[in-house]
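Asks: what follows is a predicted protein model with its sequence.
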Amino acid sequence: MTDDPSDRRTRRAWYLYDAGNSAYAAVVLLAIYATYFKESVVGGALGSFFWGIAVTTATAIVALLSPMFGAIADVTGSKKRFLLLFTAMACAFTASLFFVTEGAIALGMALFILAEVGYRSGQVFYNAFLPEIASEREMGRVSGNGWAIGSAGGVLCLLIVLTGVKLVGGTLIVRASLIFTALYFVAFTLPAFFHLNDRSPRRPMPRGRDLLRIPFRRIVETMRAARAHREFGKFLLAFLVYNEGILITLSYGAILGSTLFGLGRDQIIVFMILVQVASVPEAFVPGLLIARLGFRSTLLLSLAGMVGAVVWLFFAQSVIAFYLVGAVAGFALTGVQSVSRATVGMLAPAGRSGEFYGFFAVAGRTSSAAGPAVFGAIVFHVASVLERSGRTAAFAEQTAHRYALLSILGFLILGTLILLTVNRRAECKTVEPA
């Protein structure tokens with residue numbers, strides 16, 4: 001596959017798309033919009049609560065829709081069309097976040113939810129291309145390359161945004177950075193538009209009742225297939241649980257920095273750049289480890305790193321410690337996500353990758369539909385109790401965020417325990433070392 005120039009172009013297009021959507025994640029989810037919404041649009045512990053509700057709503061919508069769209073895309077050979085449609089949606093509503101100003105809570109939540117639905121739905125179809133551009137032996141390496149290039153794209157976007165924030169200052173440049181991020185995402189999507197194509201046969205789009213019957217029929221078939229592959233089912237259950245902790249970390253990383261350690265906007269951007277840079281080596285490492293240890297053991301090592309990072313963060317008291325925790329978490333988190341994605345590609349039957357990645361997305365979005373809301377609710381209620389007991393609002397907010405970290409730890413540990421039940425001998429497919 002890699003000797004064909006057209007295959008190399010296809011892979012490069014796939015990698016570059018990851019650079020664009022990683023910029024969205026870095027700016028909107030991690031460094032800029034999350035803290036802007038929490039601190040400037042809402043303020044206080046209530047900001048964390050509303051942020052959790054917004055993330056939960058968006059991911060719940062994706063959890064409901066992605067299996068159906070994935071099944072339709074597989075049957076009609078239209079993964080690329082769905083990918084571009086949802087990417088356009090993500091870019092348009094990311095740019096529209098420019099209009100969210102102080103106090104515009106409902107608008108800020110609504111526009112973010114729409115952008116997030118586009119971003120996460122697009123990921124379903126982006127991931128579904130992996131089995132078509134890489135052989136079974138290459139999936140670990142190709143998936144890792146995608147994460148590495150994606151992380152580099154996120155770093156580049158953050159560096160550009162940081163320059164603007166430092167030179168100009170104020171909230172206007174923060175809002176303008178969201179327009180820039182949308183255009184950046186569009187630019188890195190263009191290679192996929194020209195060079196990334198479905199390899200499954202293209203069929204006419206069904207109409208009427210047939211359009212509704214196809215996804216449900218394929219979903220039933222997939223559920224039967226999952227029951228026939230018990231180890232795959234256990235892997236999905238483990239992912240459902242440990243991904244709670246991963247998505248909470250991603251959703252609240254910047255908010256934790258500003259709340260627990262008093263980081264300013266430019267410091268948070270620097271922190272997120274550090275996280276992204278630290279994640280690049282780990283994007284390549286899984287390709288080596290999977291070949292030697294297998295998928296389960298590689299995942300367990302990455303999850304152990306995440307657990308260690310969260311424990312360290314719970315006790316951390318200095319900004320330097322927070323930065324070091326971020327480097328460890330960025331390294332481990334990338335490993336968890338990259339290996340999880342490659343595992344689904346290894347286990348999906350031929351011709352049904354979109355559908356299986358749709359269910360993989362359901363597992364992820366179902367968990368993330370609960371996790372951020374749980375974290376935000378813990379923060380809000382603990383802070384309320386502490387304030388009623390006479391504590392200052394600042395102390396209550398900081399303490400509430402610190403104790404909410406225990407929810408991340410619980411999800412990661414429980415997911416790890418479930419993953420331990422997956423039979424290592426079920427890993428019967430070989431992989432190519434990096």
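Replies: Yep, it's here.

Asks: switch to C-alpha atoms for all contacts and neighbour counts from now on
Replies: Noted.

Asks: gap between the closest residue to G264 other than its chain neighbours and R199?
Replies: Once its chain neighbours are removed from consideration, G264 has its nearest residue in S258; the separation is 6.5 Å (C-alpha to C-alpha, 6 or more residues apart in numbering). Distance check for S258 against R199: by C-alpha to C-alpha, to the nearest Å, it reads 46 Å.

Asks: those two: which has the busier surroundings?
Replies: Set side by side, S258 and R199 give different neighbour counts by other C-alpha atoms under 10 Å, the larger being at S258 (18 against 13).

Asks: how close does the more buried one get to R230?
Replies: Taking C-alpha to C-alpha as the measure, S258 falls 43 Å from R230.

Asks: what is the neighbour count of the closest residue to A377 other than its chain neighbours?
Replies: In this structure, A377 finds its nearest non-sequential neighbour in F49, 5.9 Å apart by C-alpha to C-alpha, 6+ apart. By other C-alpha under 10 Å, the residues close to F49 number 22.

Asks: so F49 makes contact with A373?
Replies: Yes - counting by C-alpha atoms under 8 Å, a contact exists between F49 and A373, whose distance comes to 7.2 Å.

Asks: quick one, phi psi at L196?
Replies: Per-residue torsions, L196: phi -100, psi 110 (degrees, to the nearest 10).

Asks: list the residues that contact it.
Replies: T10, A13, W14, K80 (C-alpha atoms under 8 Å, 6 or more residues apart in numbering).

Asks: give me the most central residue, the chain.
Replies: Central residue check for the chain by C-alpha atoms, centre = their mean: the C-alpha nearest the mean position is that of L247, 6.7 Å away.

Asks: roughly how far does that one sit from A19?
Replies: Separation of L247 from A19 (C-alpha to C-alpha) stands at 19 Å.

Asks: ditto for A370
Replies: According to C-alpha to C-alpha, A370 stands 27 Å off from A19.

Asks: show me which of these two is the more surrounded one.
Replies: Shown here are A370 and A19; by other C-alpha under 10 Å, A19 has more neighbours (28 against 20).

Asks: the helix or strand that contains that one: how far from the chain's middle?
Replies: Taking DSSP states H and E as the criterion, the element that holds A19 is helix 5-24. The offset between the C-alpha centroid of helix 5-24 and the centroid of the whole chain comes to 17 Å, using C-alpha atoms, centre = their mean, to the nearest Å.

Asks: show me which positions of it end up buried.
Replies: For helix 5-24, the neighbour count (16 or more other C-alpha atoms under 10 Å) marks 7, 9-24 as buried.

Asks: go on, stretch 230-240?
Replies: Neighbour-count burial for stretch 230-240 flags E231, F232, G233, K234, F235, L236, L237, A238, F239, L240 (criterion: 16+ other C-alpha under 10 Å).

Asks: average pLDDT across that stretch?
Replies: When pLDDT is averaged along stretch 230-240, the result is 79.

Asks: what separates that stretch from the chain centre, distance-wise?
Replies: On C-alpha atoms, centre = their mean, the centre of stretch 230-240 falls 19 Å from the chain's centre.

Asks: against L172, how distant is S258?
Replies: Between S258 and L172 the distance, using C-alpha to C-alpha, works out to 19 Å.
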